Each structure stands twice: as structure tokens, then as C-alpha cells.
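Peer 1: What follows is a predicted protein model with its sequence.
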Amino acid sequence: MIEAHGLTKRYGGKVAVDGLTFTVRPGVVTGFLGPNGAGKSTTIRMILGLDAPTAGSATVNGRVYAGHAAPLHEVGALLDARAAHTGRSARNHLLALAATTGISRRRVDEVVGLVGLDEVARKRAGGFSLGMGQRLGIAAALLGDPATLILDEPVNGLDPEGILWIRNLLKALAADGRTVFVSSHLMSEMALTAEQLIIVGRGRLIADVSVAELTRGSRSSVRVRSPQATALRDVLTGPDMTVTTAEAGVLDIEGLDSEAVGRAAHENGILLYELVPRTASLEEAFMELTRDDVEYRGTAPAGLASSGKSA
């Protein structure tokens, strides 16, 4: 379990993390989300004892990270896949880590096989691709068979097969009763992997919520396809209803559910070809929730935005 209480970090006049309080519980994959500059990396570094908090505290399994006699057996972390010694082979890198806390050579061979690096285990880590480096970093995180895992962008650089592998691995580790805390920018992957979300913006906690609750609580819509779309638009009513037309004969309706739309069509003799409720995706819900906490906003150059041409 990971617990943060009033966790705060200031760099001079800048507040990077501002009074964060949350709990990451075992048994589920918890996603750690936020816009760039939200304080995610700083928070993780404080949990792992790499940065000292200005105020507040962070504990892993009831103790600060430095308070554990054998930290590798308590928490495994992946922060930077390029952290391996580039002149060592993958296996020797893991053996060196294992030697610090008496982990056996057999365990090293187990994690090498688990992450799929058997064929390249004796090659220098400096020649690894980004995806292979990620696998080596995950092997290092798993080395001590820890109860808690903290992974920063674990699917970065992985191919589709690798992404599916890490997704299934994280779910299996959580199902085994471990605490799994994953920071990622990939909303689509978090939607498939995480059950719980901790969302931060500008260093503050925005939400501690399940994926299901977040998407269910966001504004949903109904898509209708009908040869009488104009007539249907004219009979729909609702205090917060909005109707947009994506294409001829198609309406996107917000503020009414599919039952209300279907009832209105039936009562007015309007033929429907399609009536589909659309729940907001995790990405849409995240963007809506963090709209006011984005630190950096980009705009498309005027020429690109208006030309309509593609390269």
C-alpha cells in the first residue's frame, strides 16, 4: 500500500506538489494521471525517497522508503528505462542489483524469462532498443518479488505485443494482491488496464475515482441516424439539451438519454435507422476534468489549420 499525507514539494517560489493526500490500495491497478507539469514525477520521486518533501509524508507498506531494510523486496520501481549501465549485459545489470540485497541468480534468470529477454540477456544494454530497455527496467522492478510496484510510462517504446504483455502482467500482479501504481499519458491504455485513478493538476489532487465512475459521470450523448433527422430535431426538448449534425441524416444529442430520444421518435412517428448511446471515453473524461489545469497549451499554425491539405 502507498499512502501520501499532505505531500508538498516547493522549489523556491514554485509549488510542484501541493498538499497531496491519497492511498493506493493493493489488488487493483491504479493509474496516476495528470497533464504535463502536474507534479506526477515529483510525487513518485518523493514516494521513492529520491526527493525530500517540503511538507507531508509518503509511505510504502507503512514505512518511508528509506526505512525498509531491503527496499527491493518491498517496492519495485521503473522510472527511466535508460538507467541501466550501458556497458553491462542485461543479465549482469540484474546480477549487480541482486547482489545488493542477496537475491539469487535463479531469481535473475526467472525475471529475464518473465520479461522475454532470454535471447538478448548476454548482450550489452547500451545496444538495446527503447522497448527492450523497458523490458529490462521492468525486470529490475520485479527482481525482489515486491509487494508494491511503481511504474512510470511502462509501455513507452513497446510494440503492440509488448503492450498487451505488460497490460496482462500488471493485471495479474494486482490480482495476486500486490499494489500496482502506474503513471501514463496513454488514456486508451489506462482505460484497458487500470481500475482506479488518481488524477492531479498543478500539484493538487483533482480526483481519486474508479475508471467506471469517471466515464459514467462525464457528459454522454446519443447518436441517431434517421431519414427524418430534421423532424426529430424539431420535437426534441430538454433544459440542457444540445443537438449537432455530424453528417446528413445523423444527429448527436447531448442532454437526453436513448430512452427519451426513442420515445420522442415513436410518439411522432419518426423512423430511426440507428440509436446508439455513447459514453464518454476515458480520454474525453480526463480532458474535461483537467481542462483548467493544463500548464502548456498549443495552437496549430494558421496555415496548417486552414489549408485542409495533408503532407
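Peer 2: Right, received. Where do you want to start? Keep in mind it's a predicted model, so treat the numbers as computed, not measured.
Peer 1: can you give me the strands for the stretch 1-150 of the chain?
Peer 2: Using DSSP state E, counting those that start in this stretch, the strands of the stretch 1-150 of the chain run over 2-11, 14-24, 29-33, 55-60, 75-78, 148-152.
Peer 1: Please identify the most buried of these.
Peer 2: Of all those, strand 29-33 carries the top mean neighbour count, a mean of 25, counting by mean count of other C-beta atoms under 10 Å. (C-beta placed from N, C-alpha, C; glycine too.)
Peer 1: returning to what we had before: any chance of TSV for the strands of the stretch 1-150 of the chain, columns distance to residue 253 and mean pLDDT?
Peer 2: Formatted as TSV, the strands of the stretch 1-150 of the chain follow (distance: least, C-beta to C-beta, whole Å; pLDDT from 0 to 100):
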stretch	distance to residue 253	mean pLDDT
strand 2-11	41	96
strand 14-24	36	96
strand 29-33	29	96
strand 55-60	45	96
strand 75-78	44	95
strand 148-152	40	96
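Peer 1: Ok, which of the ones you listed comes nearest residue 133?
Peer 2: The closest of those to residue 133 is strand 75-78. By C-beta to C-beta, the value is 10.1 Å.
Peer 1: Does anything pack onto the closest one? Which helices or strands?
Peer 2: Where contact means 3 or more C-beta pairs under 8 Å, 6 or more residues apart in numbering; DSSP states H and E, strand 75-78 is packed against helix 130-142, strand 148-152.
Peer 1: Put together JSON lines for the ones you listed, with distance to residue 238 on each row.
Peer 2: Output for these, formatted as JSON lines (distance: least, C-beta to C-beta, whole Å):
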{"stretch": "helix 130-142", "distance to residue 238": "48"}
{"stretch": "strand 148-152", "distance to residue 238": "44"}
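Peer 1: Which one of the strands of the stretch 1-150 of the chain lies nearest to residue 168?
Peer 2: Relative to residue 168, the nearest member of the strands of the stretch 1-150 of the chain by C-beta to C-beta is strand 29-33, separated by 11.0 Å.
Peer 1: Can you dump the C-alpha atoms of that closest one in PDB for me?
Peer 2: Extracted C-alpha coordinates of strand 29-33, given in PDB (Å, rounded to 0.1, in the frame of the first residue of the first chain):
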ATOM      1  CA  VAL A  29      -4.100  -1.400 -10.900                       C
ATOM      2  CA  THR A  30      -4.200   2.300 -10.000                       C
ATOM      3  CA  GLY A  31      -3.400   4.800 -12.800                       C
ATOM      4  CA  PHE A  32      -1.600   8.100 -11.900                       C
ATOM      5  CA  LEU A  33      -2.700  10.700 -14.400                       C
END
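Peer 1: still on that earlier bit, what's the closest of the helices and strands packed on strand 75-78 to residue 26?
Peer 2: Counting by C-beta to C-beta, residue 26 lies closest to strand 148-152 out of those; the figure is 7.9 Å.
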